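J.: Structure for the following, please:
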Amino acid sequence: MALRIVQLGTPRTPDEGLRIGTVRRPPRGVPKTAFASRDFYDVWYPELSPEPETMALAQESHRLYDAGQTAEANKQWALFARQFHKQLAHPPAERTLQLLAALSHQTNFSVGCYCKDEAHCHRSILRSLLAARSANICNA
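T.: Below is the predicted model:
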C-alpha cells in the first residue's frame, strides 16, 4: 500500500488507486464527467492547494525563472514555501495530512497537481510534509 505524488492529467499506474486533485480549480475545458476518465482526478480536494495569494508567489517565481533571474526566483519560491507551510499548519489541514499519512499504510491512492515540474510545485511541499508524518510514499 502506498501514496503516490502525481502530475494530474498523466496516465495512471495500474495500482495507483483513488486520485485526489489538490488544486484550486478544476481543469479548464474539461467536463466534470470526464475528470477521472482523462486522468485528472477522482476527487477534488482544494483544501490542500495554495490559497490564491500564496499561489501568486509561486507563479511569480516561475516568471522570474523564465526570465533568467534565478536568485530572485529562489527567494520568491522560498517565500511561497513559507506561506504554504503556514497555511498547512492550521488544524484542518494538519488533520488531513495526518489522515493521508495513515491511509497510505492501508490503501493505494495518489495526490497531485497539474504542474510538470514537481520541484517547483506545491506537491513537493506536500510530499515533504507527508513524509514527515511517516506516510508510505511510492517514489516510482
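
J.: Tell me where this structure is predicted with low confidence.
T.: For the chain, the stretches with pLDDT under 70 are 140.

J.: mind listing what the residue nearest in space to the middle of it touches?
T.: Centroid-nearest residue in the chain: residue 123, 3.1 Å away (criterion: CA atoms, centre = their mean). Shown in contact with residue 123 (CB atoms under 8 Å, 6 or more residues apart in numbering): 5, 22, 111-113, 115. In short, each C-beta sits where N, CA and C put it, glycine included.

J.: what would these look like in a markdown table with neighbour count and distance to residue 68?
T.: Shown next, in a markdown table, are the contacts of residue 123 (neighbours: other CB atoms under 10 Å; distance: CB to CB, whole Å):
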| residue | neighbour count | distance to residue 68 |
| --- | --- | --- |
| 5 | 21 | 28 |
| 22 | 24 | 30 |
| 111 | 25 | 32 |
| 112 | 24 | 29 |
| 113 | 24 | 25 |
| 115 | 17 | 20 |
